[in-house]
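# coords please:
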Amino acid sequence: MALFRYDPYEHIISDAWLALDESERKRLVERYHRRQQIRLPNETIHALIHVIVENQVALGDEFPARAVLLRLMKEGLDRHEAIHAIGSVLSEEFFVVMSGRETGGDLNANYIEKLKSLTAESWRKQAQ
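Purely as a prediction, here's the structure:
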C-alpha cells in the first residue's frame with residue numbers, strides 16, 4: 001500500500017517514509033522515475049541509492065544527511081540534485097568497500113566526513 005507518491009523535489013514525511021517497508025520505498029522511487037520517463041543505466045541501483053539517502057535524511061538530527069541536504073539546497077541545488085550529490089558520496093564509499101580497497105578506519109566516520117565536506121560546487125564539478 002503506497003502511503004504517498006514519492007517526489008525527490010519534495011521533502012519526505014520522515015515518520016511515514018520510515019513506516020514503509022524497504023521494498024515499498026524502492027517501488028515508489030522507481031515509479032517516480034518511470035512516470036517522469038527518466039532513463040537510467042540501472043533503475044534498481046539508482047532507486048536503492050535514493051532510498052538509502054532518503055532513509056538517512058529521515059533520521060533527522062541523528063545523522064548528518066538531512067543537514068547536508070538542506071545546506072546543499074541553500075547552495076543552489078534543487079532537492080533532487082542534492083539527493084544525487086549525497087548519493088554520489090555514498091556510491092563512492094560502496095565502490096571502495098566492494099572493490100576491496102578499504103582504507104581502514106571507521107567507514108561510517110569516513111562517509112560522514114565526506115558528506116560534511118560536500119558542496120554544491122564540488123558536486124557540480126564532479127558531475128560534469
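
# could I get the full set of helices for this structure?
Along the chain, counting by DSSP state H, helices occupy 14-19, 22-35, 43-58, 65-74, 79-98, 107-117, 120-127.

# ok now the fourth one, how far from the chain's centre?
Read it as helix 65-74. Computed by Cα atoms, centre = their mean, to the nearest Å, the chain-centroid distance of helix 65-74 equals 11 Å.

# can you list contacts of that helix?
Outside helix 65-74, the residues that touch it by Cβ atoms under 8 Å, 6 or more residues apart in numbering are 53, 56-61, 79, 81-83, 85-86, 115-116, 118-120, 123. Backbone N, C-alpha and C define where each C-beta goes, glycine included.

# show me what counts as buried in that helix.
65, 66, 68, 69, 71, 72 (16 or more other Cβ atoms under 10 Å).

# compute the inter-axis angle for that helix and helix 43-58.
100 degrees (axes from the mean of the first three to the mean of the last three Cα atoms, to 10 degrees).

# filter the contacts of helix 65-74 to the buried ones?
53, 56-58, 79, 81-83, 85-86, 115, 118, 120, 123.

# dump the residues you listed to a markdown table, plus distance to residue 93 and pLDDT.
Below are the buried ones among the contacts of helix 65-74 laid out as a markdown table (distance: Cβ to Cβ, whole Å; pLDDT from 0 to 100):
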| residue | distance to residue 93 | pLDDT |
| --- | --- | --- |
| 53 | 12 | 98 |
| 56 | 12 | 97 |
| 57 | 17 | 97 |
| 58 | 19 | 97 |
| 79 | 22 | 98 |
| 81 | 19 | 96 |
| 82 | 17 | 98 |
| 83 | 16 | 98 |
| 85 | 14 | 97 |
| 86 | 11 | 98 |
| 115 | 10 | 96 |
| 118 | 12 | 97 |
| 120 | 20 | 97 |
| 123 | 15 | 94 |
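
# ok, so of these, who is nearest residue 13?
Ranked by distance to residue 13 (Cβ to Cβ), the buried ones among the contacts of helix 65-74 are led by residue 58 at 8.7 Å.

# contact partners for the residue nearest the centre of the chain?
Among the residues of the chain, the one closest to the centroid is residue 53, at 2.9 Å (Cα atoms, centre = their mean). Residue 53 makes contact with 65, 69, 83, 86, 87, 90, according to Cβ under 8 Å, 6+ apart.
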